[in-house]
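# My questions are about this predicted structure, shown below with the sequence.
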Amino acid sequence: MSGVTAEKQYRFIPFRKRDMVEMCLRHGGLEGREQAFRQLYRMLAGVFHVDFHDVVESLKDSYAAVDPDSDTKSPAGIATPQRDDFITLLERLLQKGNYERISQQDLQTAMRESSIFKIRLHVDFDDFAEALLFCRGVSQRSETLKSLFGLYKKEITFTNYDRVVLYIRFRDDYRQDKAALPGCQPGATLLKLFQNVPRADLEMLFPNTAVRMRLKDKLLIGVPAVVSGGIVFTTKVGASLVLLGSLFGFWLGLSAEPVELNKATATALLAGMAALGGYLWKQFSNFKNRKIRFMQVLTQNLYFKNLDNNAGVFHRLADDAEEEETKEALLAYYFLLTEGAMTRAQLDSRIETWLAAKWDCEVDFDISDALAKLVELELAREDDAHYHARPLREALLKLDARWDKYFQPASDAERSEI
């Protein structure tokens, strides 16, 4: 890999939440209050962890009916959430994790682009009742490709997705004979998470992907096949064909000249047919071997790009969303605390400028979500279009009170049941 540049700003903050704390402390403004700020981070992360635990439980419940990896039974007479509930919850979780929907236009663009893995792929989207793609982190990358045993090098630039989530559901009338894969069944639901996927190769993520020959590959097989076929026919098969033509002509009454089929002519005929059969088998083997090599390239790339599958995906997405929520709230609170009250636009610009100038990170900071969380947690208040941070000590008390509420009954009715 020779280079990576940002294609556009995206909401994902590419730093760990623990590192974000130290980045803020290094910037200054909290001298003598470092431990209190670290304590606020731990409590804030704990609050979001509990909140997203509930999200994961809801996803598990709604996904249970279609989970292909489930090893539990569904008891009779107990209703299960509808599949549509799972899609709604999943999209909300992806939004919280700063994933973005890959539009149909982007997908069609990807289908038209040439694969950087030198293979041609085809996906039959008619097999799916639903097919959703989400990405996080979009950049332009450059890579040097080698060919002719490393003698020829070519540098290419391509759009890369750092993370891609794929959700698909096969049609209820899907024909299993089209793809002999265990996951490709009528009505089956698959959820997968991948990393570092070139946009031009999004097709390789689908389970029903078919490898097809490029024109170049067809020529590499076809041209030598025609040349060698001409040699075989003129040197070995030609005489046998002439002999067969004479025999059939005599048997059908088209020729009055008899043809003697002795041991020598029979041997020549069999040798010619064997040469023809060997030639056809060799060309078929060349085609199959080249296709196997393409499948091997596809399999090897998917092996290292696959991060998680099915239920494991939304567990991982919940962790991503928890990280993003914590980082956003922490950054917004830090700048309001250390630099005073700001409007929404001022705070958004301040954070984005700080990340770009100090940490070389272009981010479209999600200011609306960050401020909404601070207000909900009572760590900040809005007054005349300006947001004010609650003092650090008071913020810790507010988070502590919220934490205590998690373990208290929600109503007098619930208390009476205990």
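That came through, no problem. Numbering: from 1, shown residues only.

# Now stretch 60-74: average pLDDT?
Averaging pLDDT along stretch 60-74 gives 79.

# That should have said stretch 159-176, apologies.
Rounded mean pLDDT across stretch 159-176 is 84.

# Likewise for stretch 330-347?
Stretch 330-347 comes out at a mean pLDDT of 96.

# Look at that stretch and report the distance between its end residues.
End-to-end distance for stretch 330-347: 13 Å, by CA to CA, to the nearest Å.

# List of residues touching it?
13, 17, 20-21, 24, 27-30, 37, 40-41, 44, 350-351, 354, 365, 367-368, 370-371, 373-374, 379-380, 383, 385-389, 391-392, 395 (CB atoms under 8 Å, 6 or more residues apart in numbering). Every residue, glycine included, has its C-beta placed from N, CA and C.

# Got a ChimeraX select line for the buried ones in those residues?
Those of the contacts of stretch 330-347 that count as buried under 16 or more other CB atoms under 10 Å are selected in ChimeraX with:
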select :13,17,20,21,24,30,37,40,41,44,350,351,354,365,367,370,371,373,374,379,380,387,389,392,395
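
# buried sites along stretch 52-65?
Applying a neighbour-count criterion of 16+ other CB under 10 Å, one finds 52, 55, 56, 58, 59, 62, 63 buried in stretch 52-65.

# again with stretch 310-319
Of the residues in stretch 310-319, those buried by neighbour count under the rule 16+ other CB under 10 Å are 310, 311, 313, 314, 316, 317, 318.

# Please, which helix or strand holds residue 157?
strand 152-170 (DSSP states H and E).

# And for residue 393?
Going by DSSP H and E, residue 393 is part of helix 392-405.

# Return the set of buried residues in that helix.
392, 395, 396, 398, 399, 402.

# and this structure, what are its domains?
Structural domains assigned to the chain are 11-51+317-408, 94-213, 215-295, following automatic domain parsing.

# Residue 202 - that's part of a helix, no?
Yes. The assignment for residue 202 by DSSP: H, G, I helix; E, B strand; the rest coil puts it in a helix.

# quick one, phi psi at the nearest residue to it once chain neighbours are set aside?
Leaving aside its chain neighbours, residue 202 sits nearest to residue 110 (4.4 Å; criterion: CB to CB, 6 or more residues apart in numbering). Backbone torsions of residue 110, given as degrees, to the nearest 10, read phi -60, psi -40.

# what's the burial count for residue 153?
10 (other CB atoms under 10 Å).

# Look up which residues are beta-bridged to it.
residue 146 (DSSP bridges).

# Strands of this structure, residue ranges please.
3-6, 100-101, 120-122, 128-147, 152-170, 189-198, 210-212, 306-309, 342-343, 380-383, 386-389 (DSSP state E).
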